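Peer 1: Got a sequence here, can you build the structure:
(one chain, ligands or ions: 1)
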Amino acid sequence: MSGDEINRLREIYTEALRDRRWDVDNPGRQQMAKERSKAIETLLGARLARPLHECRVLDVGCGYGNQLGWFNERGVQPENLFGVDLLAAHIESARKRYPTFNFMQSNAEQLNFPSDSFDIIVAFTIFSSLIDSRMAENVAAEMLRVLKKSGAILWYDLRYPNPRNSSVRAMTRRRINCLFPGMAIQLKSISLLPQLADGLGATAATTYPLLAGIPLLRPHYIGLLSATPSAPGS
Ligand SMILES: C[S@@+](CC[C@H](N)C(=O)[O-])C[C@H]1O[C@@H](n2cnc3c(N)ncnc32)[C@H](O)[C@@H]1O
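Peer 2: Numbering: from 1, shown residues only. Down below sits the predicted model:
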């Protein structure tokens with residue numbers, strides 16, 4: 001395990017928690033969340049052979065557990081919802097918000113689950129946080145171990161470097177390919193630059209789609225990584 005990297009991540013995310021950088025009440029952020037939610041529905045809807053509510057879902061680097069809440073709203077039962085995060089404060093908040101889900105504070109370099117356990121594994125902005133390549137490789141390998149052969153990784157992460165934040169790295173197609181060799185990778189760019197979205201205010205419902213229509217202004221990839229062309233859960 002990479003002790004220095006663990007300490008660096010703890011410092012960054014403790015700071016982020018204090019800053020409340022991700023403000024859910026901002027109209028631009030609400031549009032961003034709506035756009036992402038629709039994109040996930042389309043991605044999973046097009047691929048699921050097994051009904052979503054029967055899937056077992058693991059969120060790696062789950063933060064406050066919000067994405068697991070999204071799956072629960074769409075019928076996935078709490079006993080099938082699992083979240084792992086390095087930071088105790090994040091897990092504590094997640095447990096308060098979703099007391100019936102299964103949260104574990106742990107380094108995802110070692111996931112405490114049997115192999116072939118999950119239909120869907122969520123990886124939202126975790127790999128861009130992992131500057132240490134060895135840690136990123138270990139986390140990816142563990143995700144592949146616990147993912148069912150018929151399962152899929154639901155991906156959302158930065159595709160550009162962020163000049164205002166040196167604590168993150170871009171997750172380009174090439175990097176994703178290197179971490180998940182042999183997987184079928186389906187990605188599209190999404191999410192208006194947060195610094196633009198944050199300033200849209202009351203006009204967000206109309207201005208967000210216009211600005212987000214410009215590819216250069218979309219710094220994230222969303223997509224599915226799957227071992228086989230068949231659907232997760234089949
Ligand atoms: C940018 S946040 C994203 C949180 C959440 N996925 C979301 O999209 O809101 C990245 C999260 O990954 C967690 N994380 C970073 N490295 C980790 C590791 N090695 N094992 C488990 N969690 C880790 C951090 O503590 C943080 O909560």
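
Peer 1: pretty sure T203 is in a strand, no?
Peer 2: No. The secondary structure assignment for T203 gives helix rather than a strand, going by DSSP: H, G, I helix; E, B strand; the rest coil.

Peer 1: So in this structure, which strand runs the longest?
Peer 2: As assigned by DSSP state E, the longest strand anywhere in the chain is strand 147-158.

Peer 1: For it, which strands pair with it and how are they oriented?
Peer 2: Strand 147-158 has these partner strands in its sheet, going by DSSP bridges: strand 118-124 (parallel), strand 220-226 (antiparallel).

Peer 1: Let me see the residues that make contact with the first one.
Peer 2: Outside of strand 118-124, the residues that reach it under the criterion C-beta atoms under 8 Å, 6 or more residues apart in numbering are 44, 50, 54-63, 67-68, 71, 82, 143, 146-148, 150-157, 232-233. Placement of C-beta: from N, CA and C, glycine included.

Peer 1: at 7 Å what do you get?
Peer 2: Residues from elsewhere that reach strand 118-124, judged by C-beta atoms under 7 Å, 6 or more residues apart in numbering: 50, 55-60, 67, 143, 146-148, 151-156, 232-233.

Peer 1: same question, the last one
Peer 2: Counting by C-beta under 7 Å, 6+ apart, the neighbours of strand 220-226 from elsewhere in the structure are 36, 39, 43, 47, 152-159, 180, 183-191, 232.

Peer 1: quick revisit: for PyMOL, write a command that selects the buried ones of the contacts of strand 118-124.
Peer 2: A single PyMOL command is used to select the members of the contacts of strand 118-124 judged buried by 16 or more other C-beta atoms under 10 Å:
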select buried, resi 55+56+57+58+59+60+67+143+146+147+148+151+152+153+154+155+156+232+233
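
Peer 1: deepest of the strands paired with strand 147-158, which one?
Peer 2: Each of those was scored by mean neighbour count; the highest is strand 118-124, a mean of 24, by mean count of other C-beta atoms under 10 Å.

Peer 1: Please name the bridge partners of L187.
Peer 2: On DSSP bridges, the residues paired with L187 through beta bridges are G223.

Peer 1: just to revisit the earlier point, could you dump the strands paired with strand 147-158 to CSV with mean pLDDT?
Peer 2: Formatted as CSV, the strands paired with strand 147-158 follow (pLDDT from 0 to 100):
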stretch, mean pLDDT
strand 118-124, 97
strand 220-226, 97
